[in-house]
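1. here is my input; please provide its structure:
(one chain, ligands or ions: 2)
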Amino acid sequence: MTPKTIIEKIWDQHEVIKEEGKPSLLYIDLHMVHEVTSPQAFEGLRLNNRKVRRPDLTFATMDHNVPTVDRYNITDQIAKTQIETLQKNCDEFGIDVVDLEHPENGIVHVIGPELGLTQPGKTIVCGDSHTSTHGAFGALAFGIGTSEVEHVLAAQSLWQSKPKTLEVNIDGKLKPGISAKDVILAIIAKFGVDVGTGSVIEFTGEAIRGMTMEERMTICNMSIEAGAKAGLISPDQVTFDYLEGREYVPSGEAFKELTQQWSKLATDEGAKYDRTVTIRAEEIEPMVTWGTNPSQGIGVSKLIPSPSEAVSEADRRGIEQALEYMDLKPGTPIQEVAVQHVFIGSCTNSRLSDLRAAASIINGRKVADGVRALVVPGSQKVKKQAEKEGLDQLFIEAGFEWRDSGCSMCLSMNPDVVPEGERCASTSNRNFEGRQGKGSRTHLVSPEMAAATALAGHFVDVRDYKKGKTLTT
Ligand SMILES: CC(C)[C@H](C(=O)O)[C@@H](O)C(=O)O
Ligand code: SF4
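-> Residues are numbered from 1 along each chain as shown. Ligands and ions are numbered 1, 2, ... in the order given. As a prediction, this is how the structure comes out:
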(Lines give C-alpha, C1' and ligand atoms only; values in the text may rest on other atoms or scores of the structure.)
(Ligands and ions follow the chains in the order given, each with its own letter.)
Protein backbone atom coordinates (compact mmCIF):
# COMPACT_ATOMS: atom_id res chain seq x y z
CA MET A 1 0.00 0.00 0.00
CA THR A 2 1.17 3.52 -0.75
CA PRO A 3 2.21 5.26 2.46
CA LYS A 4 -0.25 8.01 3.41
CA THR A 5 -0.23 11.10 5.58
CA ILE A 6 -2.74 11.38 8.41
CA ILE A 7 -4.40 14.17 6.43
CA GLU A 8 -5.13 11.84 3.49
CA LYS A 9 -6.25 9.04 5.82
CA ILE A 10 -8.84 11.18 7.62
CA TRP A 11 -9.96 12.71 4.33
CA ASP A 12 -10.44 9.32 2.67
CA GLN A 13 -12.38 7.97 5.65
CA HIS A 14 -14.85 10.86 5.52
CA GLU A 15 -15.50 11.31 1.81
CA VAL A 16 -19.19 10.56 1.22
CA ILE A 17 -19.37 11.81 -2.36
CA LYS A 18 -16.30 12.05 -4.54
CA GLU A 19 -16.05 13.19 -8.15
CA GLU A 20 -12.86 13.83 -10.10
CA GLY A 21 -11.98 17.54 -10.21
CA LYS A 22 -14.89 18.58 -8.00
CA PRO A 23 -15.26 19.26 -4.25
CA SER A 24 -16.13 16.19 -2.18
CA LEU A 25 -18.89 15.83 0.37
CA LEU A 26 -17.18 15.23 3.72
CA TYR A 27 -18.92 13.68 6.70
CA ILE A 28 -18.53 15.75 9.87
CA ASP A 29 -18.05 13.98 13.21
CA LEU A 30 -18.28 16.95 15.54
CA HIS A 31 -19.81 20.39 15.09
CA MET A 32 -19.03 22.96 17.73
CA VAL A 33 -21.13 26.11 17.90
CA HIS A 34 -20.78 29.50 19.61
CA GLU A 35 -22.96 32.57 19.93
CA VAL A 36 -21.30 34.81 17.32
CA THR A 37 -21.43 32.80 14.09
CA SER A 38 -24.55 30.70 14.63
CA PRO A 39 -27.64 32.97 14.78
CA GLN A 40 -28.15 33.32 10.98
CA ALA A 41 -27.47 29.62 10.50
CA PHE A 42 -30.30 28.62 12.84
CA GLU A 43 -32.48 31.30 11.25
CA GLY A 44 -31.80 29.67 7.87
CA LEU A 45 -32.96 26.31 9.21
CA ARG A 46 -36.16 27.84 10.50
CA LEU A 47 -36.86 29.59 7.20
CA ASN A 48 -36.42 26.32 5.32
CA ASN A 49 -38.32 24.34 7.88
CA ARG A 50 -35.38 22.05 8.58
CA LYS A 51 -34.18 20.27 11.69
CA VAL A 52 -30.66 19.75 13.02
CA ARG A 53 -29.61 16.43 11.50
CA ARG A 54 -27.45 15.23 14.40
CA PRO A 55 -28.04 17.21 17.60
CA ASP A 56 -25.98 14.52 19.33
CA LEU A 57 -22.91 15.51 17.31
CA THR A 58 -23.49 19.22 17.83
CA PHE A 59 -22.20 20.95 20.91
CA ALA A 60 -22.58 24.61 21.87
CA THR A 61 -20.90 27.04 24.23
CA MET A 62 -20.96 30.77 24.95
CA ASP A 63 -17.55 32.39 25.01
CA HIS A 64 -16.85 35.45 22.84
CA ASN A 65 -19.20 37.93 24.47
CA VAL A 66 -19.03 36.79 28.05
CA PRO A 67 -18.02 39.35 30.68
CA THR A 68 -15.18 38.06 32.87
CA VAL A 69 -16.38 40.00 35.91
CA ASP A 70 -20.03 39.70 36.95
CA ARG A 71 -20.65 37.36 34.02
CA TYR A 72 -24.42 37.18 34.26
CA ASN A 73 -24.77 40.91 33.94
CA ILE A 74 -24.33 41.54 30.22
CA THR A 75 -24.86 45.22 29.54
CA ASP A 76 -23.93 45.28 25.84
CA GLN A 77 -27.12 44.77 23.84
CA ILE A 78 -25.56 42.88 20.90
CA ALA A 79 -23.71 40.56 23.27
CA LYS A 80 -26.82 39.93 25.33
CA THR A 81 -28.91 39.19 22.24
CA GLN A 82 -26.33 36.76 20.85
CA ILE A 83 -26.11 34.84 24.13
CA GLU A 84 -29.87 34.68 24.54
CA THR A 85 -30.36 33.70 20.91
CA LEU A 86 -27.93 30.79 21.22
CA GLN A 87 -29.79 29.54 24.28
CA LYS A 88 -33.15 29.75 22.46
CA ASN A 89 -31.78 28.07 19.34
CA CYS A 90 -30.23 25.21 21.31
CA ASP A 91 -33.47 24.68 23.24
CA GLU A 92 -35.52 24.70 20.04
CA PHE A 93 -33.23 22.38 18.07
CA GLY A 94 -32.32 20.04 20.93
CA ILE A 95 -28.60 20.85 21.17
CA ASP A 96 -26.49 20.57 24.32
CA VAL A 97 -25.19 23.95 25.41
CA VAL A 98 -22.83 24.73 28.24
CA ASP A 99 -24.36 28.05 29.24
CA LEU A 100 -22.85 30.68 31.50
CA GLU A 101 -23.92 28.91 34.68
CA HIS A 102 -22.60 25.55 33.53
CA PRO A 103 -19.40 24.42 35.31
CA GLU A 104 -18.03 23.27 31.93
CA ASN A 105 -18.52 26.61 30.19
CA GLY A 106 -15.48 28.07 28.46
CA ILE A 107 -13.83 28.94 25.16
CA VAL A 108 -14.97 26.48 22.51
CA HIS A 109 -11.43 25.37 21.63
CA VAL A 110 -10.50 24.86 25.26
CA ILE A 111 -13.52 22.82 26.32
CA GLY A 112 -13.67 20.48 23.29
CA PRO A 113 -10.36 18.85 24.26
CA GLU A 114 -10.96 19.24 27.98
CA LEU A 115 -14.20 17.25 27.81
CA GLY A 116 -12.73 14.68 25.41
CA LEU A 117 -15.10 15.63 22.58
CA THR A 118 -12.01 16.23 20.47
CA GLN A 119 -10.54 12.89 19.41
CA PRO A 120 -8.05 11.58 16.84
CA GLY A 121 -9.39 10.90 13.37
CA LYS A 122 -12.49 13.04 13.69
CA THR A 123 -13.54 15.73 11.28
CA ILE A 124 -14.36 18.72 13.47
CA VAL A 125 -15.80 22.05 12.36
CA CYS A 126 -16.92 25.24 14.05
CA GLY A 127 -17.81 28.70 12.79
CA ASP A 128 -14.50 29.90 14.10
CA SER A 129 -11.07 30.15 12.53
CA HIS A 130 -9.15 28.74 15.49
CA THR A 131 -10.88 25.38 15.21
CA SER A 132 -7.46 24.24 14.02
CA THR A 133 -6.59 23.91 17.73
CA HIS A 134 -8.31 20.51 17.82
CA GLY A 135 -5.84 19.25 15.21
CA ALA A 136 -3.37 18.72 18.06
CA PHE A 137 -5.17 15.41 18.64
CA GLY A 138 -4.78 14.21 15.08
CA ALA A 139 -8.25 15.43 14.06
CA LEU A 140 -9.00 17.25 10.80
CA ALA A 141 -10.43 20.42 12.34
CA PHE A 142 -11.16 23.65 10.54
CA GLY A 143 -13.16 26.84 10.73
CA ILE A 144 -16.23 27.41 8.55
CA GLY A 145 -18.43 30.36 7.61
CA THR A 146 -22.00 30.89 8.79
CA SER A 147 -23.61 29.49 5.62
CA GLU A 148 -21.51 26.34 6.09
CA VAL A 149 -22.59 26.21 9.74
CA GLU A 150 -26.16 26.04 8.43
CA HIS A 151 -25.20 23.28 5.98
CA VAL A 152 -23.54 21.19 8.69
CA LEU A 153 -26.47 21.70 11.06
CA ALA A 154 -28.85 20.50 8.35
CA ALA A 155 -26.81 17.72 6.73
CA GLN A 156 -23.89 16.82 9.06
CA SER A 157 -21.64 17.12 6.04
CA LEU A 158 -19.79 19.75 4.04
CA TRP A 159 -18.57 20.27 0.46
CA GLN A 160 -14.81 20.66 0.49
CA SER A 161 -11.97 20.69 -2.00
CA LYS A 162 -9.13 18.39 -1.12
CA PRO A 163 -6.39 20.42 0.58
CA LYS A 164 -2.68 20.22 -0.19
CA THR A 165 -0.42 18.80 2.48
CA LEU A 166 2.37 20.83 4.07
CA GLU A 167 4.82 19.36 6.55
CA VAL A 168 6.29 21.84 9.02
CA ASN A 169 9.19 20.03 10.58
CA ILE A 170 10.64 21.36 13.84
CA ASP A 171 13.99 19.69 13.78
CA GLY A 172 16.07 18.99 16.89
CA LYS A 173 15.58 19.97 20.52
CA LEU A 174 14.29 23.26 21.89
CA LYS A 175 16.60 25.23 24.16
CA PRO A 176 15.56 25.50 27.82
CA GLY A 177 12.99 28.23 28.51
CA ILE A 178 11.42 28.08 25.03
CA SER A 179 7.67 27.57 24.93
CA ALA A 180 5.30 26.22 22.28
CA LYS A 181 4.11 29.79 21.66
CA ASP A 182 7.67 30.83 20.78
CA VAL A 183 7.85 27.91 18.36
CA ILE A 184 4.70 28.80 16.44
CA LEU A 185 5.53 32.54 16.42
CA ALA A 186 9.01 31.69 15.10
CA ILE A 187 7.51 29.46 12.40
CA ILE A 188 5.16 32.21 11.24
CA ALA A 189 7.94 34.85 11.42
CA LYS A 190 10.17 32.63 9.28
CA PHE A 191 7.72 31.35 6.68
CA GLY A 192 5.08 34.11 6.63
CA VAL A 193 1.32 34.41 7.03
CA ASP A 194 0.55 32.66 3.75
CA VAL A 195 2.91 29.67 3.81
CA GLY A 196 -0.07 27.40 4.52
CA THR A 197 -2.50 28.78 1.93
CA GLY A 198 -4.67 25.98 0.51
CA SER A 199 -2.99 23.41 2.75
CA VAL A 200 -3.40 21.43 5.90
CA ILE A 201 -0.19 21.52 7.93
CA GLU A 202 1.18 18.52 9.75
CA PHE A 203 3.67 19.56 12.43
CA THR A 204 6.41 16.96 12.81
CA GLY A 205 9.81 16.51 14.41
CA GLU A 206 11.47 15.77 17.69
CA ALA A 207 10.38 19.04 19.31
CA ILE A 208 6.72 18.26 18.59
CA ARG A 209 7.00 14.70 19.90
CA GLY A 210 8.45 16.09 23.13
CA MET A 211 5.48 18.43 23.68
CA THR A 212 2.49 17.91 25.97
CA MET A 213 -1.02 18.03 24.48
CA GLU A 214 -1.51 21.55 25.80
CA GLU A 215 1.65 22.71 24.03
CA ARG A 216 0.58 20.95 20.83
CA MET A 217 -2.77 22.79 21.02
CA THR A 218 -0.94 26.13 21.17
CA ILE A 219 0.95 25.17 18.00
CA CYS A 220 -2.11 23.96 16.05
CA ASN A 221 -4.21 26.90 17.25
CA MET A 222 -2.10 29.32 15.23
CA SER A 223 -1.94 27.24 12.02
CA ILE A 224 -4.58 29.57 10.67
CA GLU A 225 -2.22 32.51 11.26
CA ALA A 226 0.18 30.76 8.87
CA GLY A 227 -2.63 30.82 6.31
CA ALA A 228 -3.43 27.11 6.57
CA LYS A 229 -6.88 25.59 6.44
CA ALA A 230 -5.99 23.42 9.41
CA GLY A 231 -3.00 22.14 11.33
CA LEU A 232 -2.57 18.79 12.97
CA ILE A 233 -0.20 16.43 14.72
CA SER A 234 -0.18 12.64 14.38
CA PRO A 235 -1.51 11.11 17.60
CA ASP A 236 0.76 9.11 19.93
CA GLN A 237 0.82 7.86 23.51
CA VAL A 238 0.84 11.47 24.80
CA THR A 239 -2.50 12.00 23.00
CA PHE A 240 -4.05 8.81 24.37
CA ASP A 241 -2.89 9.52 27.94
CA TYR A 242 -4.45 12.98 27.79
CA LEU A 243 -7.78 11.58 26.58
CA GLU A 244 -8.14 8.61 28.90
CA GLY A 245 -10.83 9.17 31.51
CA ARG A 246 -12.30 12.35 29.99
CA GLU A 247 -16.07 12.79 30.05
CA TYR A 248 -16.82 11.99 26.38
CA VAL A 249 -14.14 9.35 25.91
CA PRO A 250 -15.24 5.70 26.19
CA SER A 251 -13.50 3.73 28.92
CA GLY A 252 -12.26 0.17 29.47
CA GLU A 253 -12.08 -2.19 26.49
CA ALA A 254 -13.68 0.38 24.19
CA PHE A 255 -10.87 2.82 24.98
CA LYS A 256 -8.23 0.17 24.24
CA GLU A 257 -9.84 -0.55 20.88
CA LEU A 258 -10.02 3.14 20.10
CA THR A 259 -6.34 3.64 20.85
CA GLN A 260 -5.52 0.82 18.44
CA GLN A 261 -7.50 2.53 15.69
CA TRP A 262 -6.05 5.91 16.56
CA SER A 263 -2.49 4.56 16.37
CA LYS A 264 -3.06 3.59 12.75
CA LEU A 265 -3.88 7.18 11.83
CA ALA A 266 -0.34 8.50 12.28
CA THR A 267 1.41 9.41 9.03
CA ASP A 268 3.09 6.37 7.49
CA GLU A 269 6.84 6.14 7.16
CA GLY A 270 7.74 7.40 3.68
CA ALA A 271 4.46 9.23 3.03
CA LYS A 272 4.85 12.22 0.71
CA TYR A 273 3.69 15.74 1.45
CA ASP A 274 3.10 18.30 -1.30
CA ARG A 275 5.70 20.44 0.44
CA THR A 276 7.98 20.39 3.49
CA VAL A 277 9.56 23.31 5.34
CA THR A 278 11.98 22.94 8.24
CA ILE A 279 12.95 25.13 11.16
CA ARG A 280 15.76 24.24 13.55
CA ALA A 281 14.54 24.10 17.15
CA GLU A 282 17.81 25.50 18.56
CA GLU A 283 17.34 28.69 16.52
CA ILE A 284 14.23 29.64 18.43
CA GLU A 285 14.35 32.21 21.24
CA PRO A 286 11.48 33.79 23.21
CA MET A 287 9.43 35.73 20.65
CA VAL A 288 7.63 39.08 20.68
CA THR A 289 5.65 40.48 17.77
CA TRP A 290 6.30 44.15 17.00
CA GLY A 291 3.87 44.60 14.08
CA THR A 292 0.27 44.13 13.03
CA ASN A 293 0.29 40.59 11.72
CA PRO A 294 1.59 37.48 13.49
CA SER A 295 4.58 37.13 11.14
CA GLN A 296 5.97 40.47 12.26
CA GLY A 297 7.75 38.96 15.24
CA ILE A 298 11.35 38.85 16.49
CA GLY A 299 13.43 37.13 19.13
CA VAL A 300 13.48 39.05 22.40
CA SER A 301 17.19 39.85 22.00
CA LYS A 302 16.56 41.64 18.69
CA LEU A 303 15.90 45.20 17.53
CA ILE A 304 12.69 46.47 15.90
CA PRO A 305 13.31 46.06 12.15
CA SER A 306 13.65 48.84 9.65
CA PRO A 307 11.78 49.22 6.34
CA SER A 308 15.24 49.10 4.72
CA GLU A 309 15.41 45.37 5.59
CA ALA A 310 12.31 44.66 3.49
CA VAL A 311 12.50 41.97 0.82
CA SER A 312 10.03 43.68 -1.52
CA GLU A 313 8.22 46.96 -2.05
CA ALA A 314 5.02 45.53 -0.55
CA ASP A 315 6.99 44.29 2.46
CA ARG A 316 8.56 47.75 2.91
CA ARG A 317 5.14 49.40 2.94
CA GLY A 318 3.87 46.72 5.34
CA ILE A 319 6.74 47.36 7.77
CA GLU A 320 6.28 51.15 7.56
CA GLN A 321 2.55 50.94 8.19
CA ALA A 322 2.99 48.53 11.09
CA LEU A 323 5.67 50.71 12.70
CA GLU A 324 3.43 53.72 12.39
CA TYR A 325 0.37 52.01 13.84
CA MET A 326 2.44 50.47 16.64
CA ASP A 327 4.28 53.77 17.25
CA LEU A 328 7.70 52.09 17.19
CA LYS A 329 11.08 53.24 15.87
CA PRO A 330 13.32 50.94 13.83
CA GLY A 331 16.45 49.86 15.69
CA THR A 332 14.88 50.06 19.17
CA PRO A 333 15.64 46.98 21.29
CA ILE A 334 12.27 45.30 21.83
CA GLN A 335 13.16 45.06 25.52
CA GLU A 336 12.94 48.86 25.79
CA VAL A 337 9.29 48.86 24.78
CA ALA A 338 6.97 49.50 27.76
CA VAL A 339 3.43 48.14 28.03
CA GLN A 340 0.36 49.35 29.92
CA HIS A 341 -1.61 46.09 29.69
CA VAL A 342 -0.94 42.39 29.91
CA PHE A 343 -3.44 39.74 28.89
CA ILE A 344 -2.91 36.12 29.82
CA GLY A 345 -5.73 34.17 28.20
CA SER A 346 -7.34 33.11 24.86
CA CYS A 347 -7.69 29.72 23.20
CA THR A 348 -3.96 29.85 22.41
CA ASN A 349 -2.69 30.08 25.98
CA SER A 350 -5.29 29.85 28.75
CA ARG A 351 -5.06 26.23 29.80
CA LEU A 352 -3.85 25.10 33.21
CA SER A 353 -0.24 24.62 32.09
CA ASP A 354 -0.20 28.16 30.67
CA LEU A 355 -1.41 29.61 33.96
CA ARG A 356 1.09 27.52 35.89
CA ALA A 357 3.90 28.68 33.62
CA ALA A 358 2.91 32.33 34.03
CA ALA A 359 2.54 31.99 37.81
CA SER A 360 5.97 30.34 38.10
CA ILE A 361 7.59 33.57 36.92
CA ILE A 362 6.13 35.72 39.72
CA ASN A 363 8.50 34.54 42.45
CA GLY A 364 7.36 37.10 45.05
CA ARG A 365 7.47 40.05 42.63
CA LYS A 366 4.70 42.54 41.88
CA VAL A 367 3.11 43.81 38.69
CA ALA A 368 4.94 47.03 37.70
CA ASP A 369 3.34 50.41 38.40
CA GLY A 370 1.15 51.58 35.56
CA VAL A 371 0.50 48.06 34.24
CA ARG A 372 -2.91 46.42 34.31
CA ALA A 373 -2.57 42.65 34.04
CA LEU A 374 -5.48 40.27 33.46
CA VAL A 375 -5.49 36.50 33.86
CA VAL A 376 -8.48 34.93 32.12
CA PRO A 377 -8.69 31.12 32.31
CA GLY A 378 -9.90 29.37 29.17
CA SER A 379 -12.72 27.56 30.93
CA GLN A 380 -14.48 27.48 34.26
CA LYS A 381 -12.89 24.06 34.84
CA VAL A 382 -9.42 25.50 34.29
CA LYS A 383 -10.33 28.31 36.66
CA LYS A 384 -11.47 25.93 39.37
CA GLN A 385 -8.43 23.71 39.05
CA ALA A 386 -6.09 26.72 39.14
CA GLU A 387 -7.82 27.90 42.30
CA LYS A 388 -7.37 24.49 43.87
CA GLU A 389 -3.65 24.83 43.23
CA GLY A 390 -3.60 28.36 44.68
CA LEU A 391 -2.58 29.99 41.40
CA ASP A 392 -5.29 32.63 41.79
CA GLN A 393 -3.73 33.72 45.08
CA LEU A 394 -0.27 33.95 43.56
CA PHE A 395 -1.61 36.13 40.76
CA ILE A 396 -3.77 38.31 43.01
CA GLU A 397 -0.98 38.88 45.55
CA ALA A 398 1.30 39.96 42.71
CA GLY A 399 -1.29 42.48 41.49
CA PHE A 400 -2.83 40.56 38.56
CA GLU A 401 -6.62 40.53 38.14
CA TRP A 402 -8.11 37.03 38.32
CA ARG A 403 -11.18 36.67 36.11
CA ASP A 404 -13.88 34.25 34.95
CA SER A 405 -13.34 32.41 31.66
CA GLY A 406 -14.05 33.60 28.10
CA CYS A 407 -12.41 35.03 25.00
CA SER A 408 -12.13 38.37 26.73
CA MET A 409 -9.33 40.71 25.65
CA CYS A 410 -8.32 38.40 22.79
CA LEU A 411 -10.79 40.32 20.64
CA SER A 412 -12.53 42.55 23.17
CA MET A 413 -16.12 41.69 22.32
CA ASN A 414 -16.73 41.96 26.06
CA PRO A 415 -15.84 44.86 28.40
CA ASP A 416 -12.11 43.88 28.52
CA VAL A 417 -10.71 46.46 26.12
CA VAL A 418 -7.26 48.02 25.59
CA PRO A 419 -7.75 51.79 25.30
CA GLU A 420 -6.72 53.66 22.16
CA GLY A 421 -2.97 54.21 21.80
CA GLU A 422 -2.08 51.82 24.64
CA ARG A 423 0.09 48.76 24.39
CA CYS A 424 -0.66 45.21 25.48
CA ALA A 425 1.53 42.12 25.84
CA SER A 426 -0.94 39.39 24.99
CA THR A 427 -0.84 35.61 24.92
CA SER A 428 -3.52 35.53 22.21
CA ASN A 429 -3.02 34.80 18.50
CA ARG A 430 -3.81 37.96 16.54
CA ASN A 431 -2.14 41.37 16.66
CA PHE A 432 -4.25 42.99 13.94
CA GLU A 433 -5.00 46.71 14.06
CA GLY A 434 -7.77 47.37 16.56
CA ARG A 435 -8.03 43.74 17.63
CA GLN A 436 -8.06 44.50 21.36
CA GLY A 437 -10.01 47.73 20.99
CA LYS A 438 -9.93 50.70 18.61
CA GLY A 439 -6.35 51.97 18.26
CA SER A 440 -4.99 49.28 20.64
CA ARG A 441 -1.47 47.95 20.08
CA THR A 442 -0.95 44.22 20.58
CA HIS A 443 2.31 42.32 21.05
CA LEU A 444 1.95 38.53 20.96
CA VAL A 445 4.03 36.58 23.48
CA SER A 446 4.02 33.35 25.53
CA PRO A 447 2.44 33.18 29.01
CA GLU A 448 5.90 33.21 30.63
CA MET A 449 6.92 36.28 28.64
CA ALA A 450 3.60 37.99 29.41
CA ALA A 451 4.03 37.44 33.15
CA ALA A 452 7.64 38.67 33.10
CA THR A 453 6.58 41.72 31.07
CA ALA A 454 3.82 42.51 33.59
CA LEU A 455 6.35 42.44 36.43
CA ALA A 456 9.00 44.47 34.61
CA GLY A 457 6.66 46.92 32.84
CA HIS A 458 8.49 46.32 29.55
CA PHE A 459 9.52 43.31 27.48
CA VAL A 460 12.26 41.20 29.04
CA ASP A 461 13.98 37.96 28.24
CA VAL A 462 12.13 35.59 30.51
CA ARG A 463 15.21 33.35 30.67
CA ASP A 464 17.16 36.11 32.45
CA TYR A 465 14.17 36.88 34.58
CA LYS A 466 13.94 33.34 35.82
CA LYS A 467 17.60 33.50 36.80
CA GLY A 468 16.66 36.42 39.05
CA LYS A 469 18.76 39.01 37.20
CA THR A 470 18.02 42.53 38.40
CA LEU A 471 15.87 44.32 35.91
CA THR A 472 15.47 48.00 35.33
CA THR A 473 11.82 48.94 35.18
C1 LIG B 1 -15.78 35.63 16.15
C2 LIG B 1 -15.11 34.60 15.30
C3 LIG B 1 -15.80 34.53 13.99
C4 LIG B 1 -13.61 34.82 15.14
C5 LIG B 1 -12.92 33.72 14.35
O6 LIG B 1 -13.46 33.08 13.48
O7 LIG B 1 -11.77 33.48 14.56
C8 LIG B 1 -12.92 34.95 16.49
O9 LIG B 1 -12.97 33.80 17.24
C10 LIG B 1 -11.51 35.39 16.28
O11 LIG B 1 -10.61 34.83 16.89
O12 LIG B 1 -11.29 36.35 15.52
S1 SF4 C 1 -10.05 33.21 22.35
FE2 SF4 C 1 -9.73 34.63 20.67
S3 SF4 C 1 -9.00 33.42 18.98
FE4 SF4 C 1 -9.91 32.03 20.44
S5 SF4 C 1 -11.98 31.75 19.74
FE6 SF4 C 1 -11.99 33.39 21.24
S7 SF4 C 1 -11.77 35.26 20.06
FE8 SF4 C 1 -11.20 33.57 18.70
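2. list the single closest residue to Gly331 in space, sequence neighbours excluded.
-> The shortest distance from Gly331 to any non-neighbouring residue, by Cβ to Cβ, 6 or more residues apart in numbering, is to Leu303 (5.2 Å). (C-beta placed from N, C-alpha, C; glycine too.)
3. could I get the contacting residues of the one you found?
-> By Cβ atoms under 8 Å, 6 or more residues apart in numbering, Leu303 lies in contact with Pro330, Gly331, Thr332, Pro333, Ile334.
4. distance of it relative to ligand 2?
-> The gap separating Leu303 from ligand 2 is 29 Å, by Cβ to the nearest ligand atom, to the nearest Å.
5. any idea which element Ala454 lies in?
-> Under the criterion of DSSP states H and E, Ala454 resides in helix 447-456.
6. spatially nearest residue to the residue of the stretch 251-400 of the chain at minimum distance from ligand 2 (excluding sequence neighbours)?
-> Closest approach between the stretch 251-400 of the chain and ligand 2, counting by Cβ to the nearest ligand atom: Cys347, at 3.4 Å. Counting by Cβ to Cβ, 6+ apart, Cys347 lies nearest to His109, which is 3.9 Å off, once chain neighbours are set aside.
7. any idea how far that neighbour lies from Thr61?
-> Going from His109 to Thr61 by Cβ to Cβ, to the nearest Å gives 10 Å.
8. list the contacts of the residue nearest to Gly457 when sequence neighbours are not counted.
-> Distance criterion Cβ to Cβ, 6+ apart; nearest residue to Gly457, sequence neighbours excluded, is Ala368 at 3.2 Å. Ala368 is in contact with Ala454, Leu455, Ala456, Gly457, Thr473, counting by Cβ under 8 Å, 6+ apart.
9. quick check: the first one touching Ala338?
-> So that's Ala454. No - between Ala454 and Ala338 there is no contact under Cβ atoms under 8 Å: 11.6 Å.
10. next, the buried residues of the lowest-mean-pLDDT helix or strand in the chain.
-> Within the chain, judged by mean pLDDT, DSSP states H and E, the helix or strand with the poorest mean is helix 462-466; its value is a mean of 87. Residues of helix 462-466 classed as buried by neighbour count (16 or more other Cβ atoms under 10 Å): Val462, Arg463, Asp464, Tyr465.
11. before we move on, the earlier item: what does the residue nearest to Gly331 show for phi and psi?
-> When read as degrees, to the nearest 10, the backbone of Leu303 gives phi -100, psi 150.
12. over to the one 3 residues further on?
-> Backbone torsions of Ser306, given as degrees, to the nearest 10, read phi -110, psi 150.
13. repeat that for Trp402.
-> The phi/psi pair for Trp402 (degrees, to the nearest 10) reads phi -100, psi 120.
14. one more: Pro415?
-> According to degrees, to the nearest 10, Pro415 has phi -70, psi 0.
15. quick check: chain neighbours aside, which residue is closest to Phe191?
-> Using Cβ to Cβ, 6+ apart, the closest residue to Phe191 is Val277 (5.6 Å).
16. my read is that that neighbour contacts Gly192, right?
-> No - using Cβ under 8 Å as the test, Val277 is too far from Gly192 to be in contact (10.3 Å).
17. domains of this protein?
-> 6-276, 288-466 (automatic domain parsing).
18. out of the ones you listed, nearest to Glu282?
-> Of all the domains of the chain, it is domain 6-276 that lies closest to Glu282, at 5.6 Å by Cβ to Cβ.
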